[in-house]
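A.B. asks: how does the following fold in three dimensions:
(one chain, ligands or ions: 2)
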Amino acid sequence: MKRDLSFEDISDGNRYKAGDFAPTGTNGCKGCAECCRVTEDTIFLDPFDIYNLEKATGRTFEEMLETIITLRVSEGLIVPVLMKRAEGPCVFLNAEGRCGIHDHRPGFCRMFPLGRIWNEDGTFDYFLQIHECPHLGGEKILISDWLGIDQIDSYEGFIKAWKEVSESIKLSSGSSDKALKSANMRLLNEYFIKPYDTKKDFYSQFYSRGI
Ligand code: SF4
Ligand code: SF4
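C.D. replies: Ligands and ions are numbered 1, 2, ... in the order given. Down below sits the predicted model:
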């Protein structure tokens with residue numbers, strides 16, 4: 001019998017902030033690369049991820065399309081996702097079983113095995129996905145260190161702002177498919193296709209854009 005899984009079923013029951021310690025340690029992963037082998041187009045990318053991919057590869061969004069990135073529709077939004085190879089692994093998993101763009105990896109990869117859970121007031125918490133990683137059970141680590149992102153406050157502010165932008169697309173389109181498609185194209189063009197200057201700060205570029 002199928003049932004909806006609750007927060008308690010998939011997590012350790014705790015909600016964490018970036019300044020909290022959480023038991024995310026994976027004991028060095030012990031040669032495992034499972035989460036990079038079975039991505040199944042689930043690594044959704046936001047503008048900060050695209051900025052980082054442009055920095056890592058020296059390619060624009062359009063140059064990465066259909067080799068590194070592909071597009072999916074999720075809840076009415078067109079969303080870029082990281083591609084996997086035909087045989088399964090992420091395109092960036094190298095022969096040594098390591099991430100070829102570790103310093104520039106997407107936010108989803110940085111969080112794993114943490115996830116993000118949104119609150120009604122527009123803020124979010126992190127939670128530990130207890131069934132997704134076979135080597136979970138190591139030491140407690142400061143979440144901001146686990147994410148490994150500079151300017152964590154700016155990053156989290158961007159995550160909230162990006163959710164607002166994404167939600168506004170759906171709301172402004174009402175029930176019209178044509179309006180939704182057109183809004184999606186504006187979103188893609190403004191925040192993804194238009195190249196970022198990877199020598200400059202990301203956040204000022206993000207906030208200077210708008211649709
Ligand atoms: S599944 Fe867990 S142990 Fe395996 S590579 Fe991913 S984080 Fe490391
Ligand atoms: S980008 Fe790196 S960390 Fe993320 S799934 Fe691919 S290989 Fe793994």
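A.B. asks: every contact and neighbour count from this point should use C-alpha atoms.
C.D. replies: Fine.
A.B. asks: F7 reaches G115, doesn't it?
C.D. replies: No: using C-alpha atoms under 8 Å, F7 makes no contact with G115, being 11.1 Å away.
A.B. asks: got the residues of this structure near ligand 1?
C.D. replies: 26, 29, 32-35, 133-135 (C-alpha under 6 Å from any ligand atom).
A.B. asks: ok, 8 Å please
C.D. replies: 26-36, 112-113, 132-136 (C-alpha under 8 Å from any ligand atom).
A.B. asks: return only those of these found close to ligand 2.
C.D. replies: 33, 35-36.
A.B. asks: could I get those as TSV with neighbour count and secondary structure?
C.D. replies: Output for those, formatted as TSV (neighbours: other C-alpha atoms under 10 Å; DSSP: H, G, I helix; E, B strand; the rest coil):
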residue	neighbour count	secondary structure
A33	16	coil
C35	16	helix
C36	21	helix
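A.B. asks: moving C-terminal of the longest helix anywhere in the chain, what's the next helix or strand?
C.D. replies: The residue-count maximum for a helix in the chain (DSSP state H) belongs to helix 152-173. The helix or strand immediately downstream of helix 152-173 is helix 177-188, counting by DSSP states H and E.
A.B. asks: check contacts around G174.
C.D. replies: L180 (C-alpha atoms under 8 Å, 6 or more residues apart in numbering).
A.B. asks: for K55, what are its contacts?
C.D. replies: 104, 198.
A.B. asks: go again using 6 Å as the cut-off
C.D. replies: K55 sits next to T198 when contact means C-alpha atoms under 6 Å, 6 or more residues apart in numbering.
A.B. asks: on the three-state scheme, it is what?
C.D. replies: Classification of K55 using DSSP: H, G, I helix; E, B strand; the rest coil returns helix.
A.B. asks: related to what we said a few turns ago, just put the ones next to ligand 2 among the residues of the chain next to ligand 1 in JSON lines and tack on distance to S176.
C.D. replies: Putting those into JSON lines (distance: C-alpha to C-alpha, whole Å) gives the following:
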{"residue": "A33", "distance to S176": "42"}
{"residue": "C35", "distance to S176": "37"}
{"residue": "C36", "distance to S176": "37"}
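A.B. asks: adding pLDDT and distance to I169, write those residues out as TSV.
C.D. replies: Listed next are these as TSV, based on pLDDT from 0 to 100; distance: C-alpha to C-alpha, whole Å:
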residue	pLDDT	distance to I169
A33	92	36
C35	93	31
C36	94	31
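A.B. asks: and those, which is closest to Y126?
C.D. replies: Using C-alpha to C-alpha, C35 comes nearest to Y126 of these, at 18.3 Å.
A.B. asks: any idea how far the closest one lies from C90?
C.D. replies: 9 Å (C-alpha to C-alpha, to the nearest Å).
A.B. asks: sorry, back to before: what subset of the residues of the chain next to ligand 1 is buried?
C.D. replies: Among the residues of the chain next to ligand 1, those scoring as buried are 26, 33, 35-36, 112-113, 133, 136 (criterion: 16 or more other C-alpha atoms under 10 Å).
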